[in-house]
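# Dropping a prediction and its sequence here:
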Amino acid sequence: MSKFGELIDVEIPVLLDFYAEQNGQLESMHLVLRDVAAALGDKVKVIKIDVEKNQELAEALRVKTMPTLIIYKEGEMKWRQSGDQDANTLINIIQEYI
């Protein structure tokens, strides 16, 4: 978990996308996250986390639904939402924390 702490304890917003390979929405959210990363550049860090490979972390954060999107800034959770989001909505939410 210490690596996770280092990952989220940064000055820019960190958008975490918890996903599962068997989830049918995987490709559409991948495209949304790509657009978000392209629009915001180095103002945000976008990280995809496969819950199958990171079960301990997913359980610790009580991730039950895919996708689950979480924004951290300076180690503190700022926003969390389960289910698909569109790129414009995510960009607007992240900009509140930049």
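Right, received. Where do you want to start?

# Run through who's touching whichever helix or strand residue 88 is part of.
Using DSSP states H and E, the element containing residue 88 is helix 87-95. For helix 87-95, contacts defined as C-beta atoms under 8 Å, 6 or more residues apart in numbering pick out 13, 15, 32-33, 35-36, 39-40, 43-44, 69, 71, 79. All C-beta spots, glycine's among them, are computed from the backbone N, C-alpha and C.

# Between which two of those residues is the distance greatest?
35 and 79 (18.0 Å; C-beta to C-beta).

# outside of the lengthiest helix in the chain, which residues touch it?
What stands out as the longest helix in the chain, according to DSSP state H, is helix 26-40. With C-beta under 8 Å, 6+ apart as the test, helix 26-40 has contacts from 15, 17, 19-20, 44, 46, 48, 67, 84-87, 90-91, 94-95, 98.

# what pLDDT, on average, does that helix get?
The pLDDT scores in helix 26-40 average 91.

# what comes up buried for it?
26, 29, 32, 33, 36, 37, 40 (16 or more other C-beta atoms under 10 Å).

# Also stretch 67-81?
67, 68, 69, 70, 71, 72, 73, 79.

# Closest one of those to residue 6?
Nearest to residue 6 among the buried residues of stretch 67-81, with distances taken as C-beta to C-beta, is residue 72, at 11.6 Å.

# what's the closest non-adjacent residue to the closest one?
Spatial nearest neighbour of residue 72, excluding adjacent residues (C-beta to C-beta, 6 or more residues apart in numbering): residue 8 at 3.9 Å.

# In contact with that neighbour: list those residues for me.
By C-beta under 8 Å, 6+ apart, residue 8 lies in contact with 14, 16, 72, 75.

# Just the pLDDT for it.
95.

# next one: the one 10 residues further on
Turning to residue 18, the model gives it a pLDDT of 94.
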